[in-house]
Every structure is written in structure tokens, then in C-alpha cells.
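Visitor: Sequence first, predicted coordinates after that:
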Amino acid sequence: MSITTTHQLFMALSALSPTIGAMNLISAVPDADLEPSVRNFANSADIQKVAGAIEALTAKAGLSMPDATDQVKNVVQERHFYGTFCELAAYDWFARNGVEFNAQVNLGRADVLNPRGCAIDGEFTAVNAYFDIKGFGMQAYLMKLFREALRASVPDLFVTIDGPMDVGIKDIETYAFGQLSRTIPSLKQGAIVKIAQLGWTIRVQAPTKRIIMSEHTDDPYVFAENNRYYTLKTSRQFTRNAPFVMVFPYAARFNNMLSLNPFEGTDIALRALARRTFLQLHSDTSSLSAYDKQTAPGLTVADASKLLSAMLFVNVDKDDGWLFLNPRATHKFTKNHVEHIFDFTIPVGLGIDDFRNDDY
């Protein structure tokens with residue numbers, strides 16, 4: 001039977017995880033129809049990843065029951081689904097590959113770039129290194145949410161968005177969602193709306209039996225250039241005195257460029273992004289606070305780049321990925337670290353690139 005409601009999904013997750021069952025979420029959360037992305041998730045094997053992550057986090061990594069409950073509540077909400085699912089899928093991937101870690105680690109002001117201190121997602125117990133997890137590849141998912149926001153205001157019309165998908169996530173938030181109040185009235189009048197900063201063209205038309213196409217373009221190098229500051233969005237969590245790894249899980253099916261790999265386009269995009277972050281930003285003296293206002297005053301982009309020891313991209317759809325090591329990091333995350341955290345059994349499908357012959 002297809003899962004279509006929140007309570008049905010909670011029941012399915014509870015059957016896979018005693019910890020989720022103990023949360024008694026059916027009594028705490030009103031029942032509702034699942035939104036499209038969550039409904040697709042609910043009727044797939046992906047629910048096993050969420051259940052596995054919750055078990056690993058609570059049984060072995062020290063995550064509190066209230067924090068675990070919040071994670072499960074978020075994964076059933078369309079607004080929070082993508083980021084929460086990717087984060088839990090990454091924890092599950094760690095657990096299935098023998099990585100031991102502590103979750104939700106509180107660090108003081110002397111240890112991170114946040115002058116007040118902050119919590120980060122975890123620390124590896126096999127080595128002296130920390131990590132944080134952020135859902136990656138959100139361009140297509142954000143475009144989908146933006147289109148749905150537009151359709152809610154013009155329910156009798158069909159909305160199409162044409163344009164590149166290699167734009168920056170911050171730009172989508174600023175120029176798409178940030179201009180909704182100006183875009184909607186124009187669409188209601190039947191106008192074609194162009195968002196010049198994104199290169200997007202938005203059209204509406206009456207429903208038709210004809211096939212309606214949207215045109216999107218992806219260039220892996222443009223993607224890397226436009227998103228080179230993406231890792232700095234939460235640079236307040238970068239650690240000052242030990243290696244720090246940003247973990248970027250992504251569900252490839254939500255992002256055209258990351259779902260297919262013609263001519264190794266995905267590999268090119270991820271490597272180009274890591275290279276720009278490690279090498280180009282290494283000499284960038286602009287203010288770090290322009291990208292994360294919660295960092296200590298006086299810090300530059302270059303300061304943060306040197307404290308980012310590695311970037312790990314995990315395709316949670318296929319369980320493969322890339323680990324890029326920063327050759328210019330102040331606290332290097334080495335292949336020796338990698339071997340230790342995976343208990344000397346590197347996952348099949350994980351590529352490792354240290355830019356050994358490409359640091360110039």
C-alpha cells in the first residue's frame with residue numbers, strides 16, 4: 001500500500017527503528033498529506049537510511065532523544081526535507097562504512113571561527129578531526145520550490161522556468177525567493193518575467209494537452225565558479241586547532257547536473273569546486289563576514305580556506321563519492337587520517353584526490 005500521509009510514514013519508520021517508535025510522533029504531530037518529494041521518499045528504500053541514521057546517532061554517537069525527534073519531524077516536511085534527508089543519509093553512510101563519531105559536539109570560541117563558540121555535527125573518534133554536514137546540489141530542488149511558490153499564486157496556470165542550473169544557491173535565495181512579491185503580480189498579468197541575475201525566464205500559460213518543455217543548461221566549470229564561496233556560508237564552524245571536513249551529501253535525482261555523468265560532468269564539477277575553494281580562495285583577502293556574519297571580526301576568506309582541510313561529497317543515491325584533500329590546509333587531513341576513520345577499509349566507490357600534481 002502506498003504511503004501518502006505523515007502518520008503512515010511515521011508508522012513505516014517506526015517499524016524500521018525502535019528509537020523512532022519510542023518518539024510517539026503520531027500523538028505529537030497532526031496527520032497530513034505528504035508533499036511530492038516527501039511522498040516519493042516515503043515509498044522508497046530511502047526510509048531505511050533515515051531509520052539507520054537515527055539508530056546509529058542515538059545508540060553510538062550520543063545524539064539526544066529531543067534532537068533525534070526534531071530530525072524525524074523535519075524529514076517529513078517538504079520545506080526541510082532535502083537538507084534533513086541528506087544529512088541523515090550521510091550519517092547512515094558513515095555508520096555502514098565503519099566510521100565512529102560523536103554527534104553534535106559543542107566547541108568554544110578558541111576552537112572555532114564563531115566568537116561565541118557553537119555546535120558542529122560531529123568529531124571522528126579515530127583521529128583528531130571534526131566535520132559538519134550540509135546538503136548539497138540544491139539548485140534544482142530550490143527551483144522546484146520556487147516554481148511551486150509561483151504556482152500557488154496562479155493555480156489555474158502552468159509555470160515554466162528556463163535558464164541555467166549552474167547558478168549560485170545564495171543567488172537563488174536573493175534574486176528568486178527574495179523577489180517573489182514583485183514577480184507574482186507580473187505573472188498574474190500574463191507577463192514574461194526575466195531574472196537577469198540568474199538568467200532565468202519565467203512564463204505562465206493555460207493548461208494544455210501539449211507537452212511543455214523547460215530548457216536548462218549546466219556547465220560544470222561555471223557551476224564551480226558561481227558556487228566557489230558556498231562552503232563559507234557556515235564557516236563559523238571551521239575549527240582553528242584541528243582538521244575540519246565539510247561533508248556534502250547530495251541526492252543526485254534532485255539535480256540534473258548531479259544525476260547524470262556524461263563525460264564525467266559531475267566529477268568535473270565537484271573537483272573544480274574543491275580546487276577553487278582550496279587554491280583560488282587561498283589568497284582571497286576579502287572579508288569573511290560577507291559570507292557568514294557569525295564569524296569573528298577581521299577574518300578573511302583566505303583564513304577560512306586554510307582551515308577547510310577536506311571536502312567530502314557523497315552521492316546518497318548510489319553510495320559513492322569523492323573526498324578532496326586541501327593541499328594548502330593549515331591542519332591537513334591526510335590519507336592516513338582517511339584510512340583510520342574507515343578502519344583501513346576504504347568504501348568501494350570513494351575516490352580520493354589530494355591535488356598532488358595540481359597545486360599551483
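Guide: Arrived safely, thanks for sending. Residues are numbered from 1 along each chain as shown.

Visitor: Now do the strands in the stretch 251-360 of the chain.
Guide: According to DSSP state E, counting those that start in this stretch, the stretch 251-360 of the chain carries its strands in the segments 310-315, 320-325, 350-353.

Visitor: Specify the angle between the second one and strand 310-315 in degrees.
Guide: Looking back up the chat, that one is strand 320-325. 170 degrees (axes from the mean of the first three to the mean of the last three CA atoms, to 10 degrees).

Visitor: Confirm for me that Ile54 is in contact with Pro18.
Guide: No - counting by CB atoms under 8 Å, Pro18 is not a contact partner of Ile54; they are 9.7 Å apart. The C-beta positions use only the backbone N, C-alpha and C, and glycine is treated the same way.

Visitor: Of the two, give the one with the bigger neighbour count.
Guide: Counted by other CB atoms under 10 Å, Ile54 and Pro18 do not tie: Ile54 has more neighbours, with 26 against 13.

Visitor: Going by neighbour count, list what's buried in the helix or strand harbouring that one.
Guide: Using DSSP states H and E, Ile54 falls within helix 46-59. Within helix 46-59, the residues that count as buried by 16 or more other CB atoms under 10 Å are 46-47, 49-58.

Visitor: Touching that helix from outside, list them.
Guide: Residues outside helix 46-59 that contact it (CB atoms under 8 Å, 6 or more residues apart in numbering): 9, 12-13, 16-20, 41, 63, 65, 68, 71-72, 75, 85, 88-89, 91-96, 103, 316.

Visitor: which element follows the helix or strand hosting Phe81 toward the C-terminus?
Guide: Taking DSSP H and E as the criterion, Phe81 maps to helix 78-96. Downstream of helix 78-96, the first helix or strand assigned by DSSP H and E is strand 101-107.

Visitor: before we move on, the earlier item: I'd like to know the average pLDDT value across the helix holding Ile54.
Guide: Averaged across helix 46-59, pLDDT comes to 97.

Visitor: any idea of the angle it forms with strand 101-107?
Guide: Using the same axes, to 10 degrees: helix 46-59 against strand 101-107 is 60 degrees.

Visitor: Next, the angle from helix 46-59 to helix 78-96.
Guide: For helix 46-59 against helix 78-96, the angle by the same axes, to 10 degrees is 70 degrees.

Visitor: For the next helix or strand after helix 46-59, the averaged confidence score.
Guide: Sequence order places helix 65-75 as the next helix or strand after helix 46-59, per DSSP H and E. Averaged across helix 65-75, the pLDDT comes to 96.
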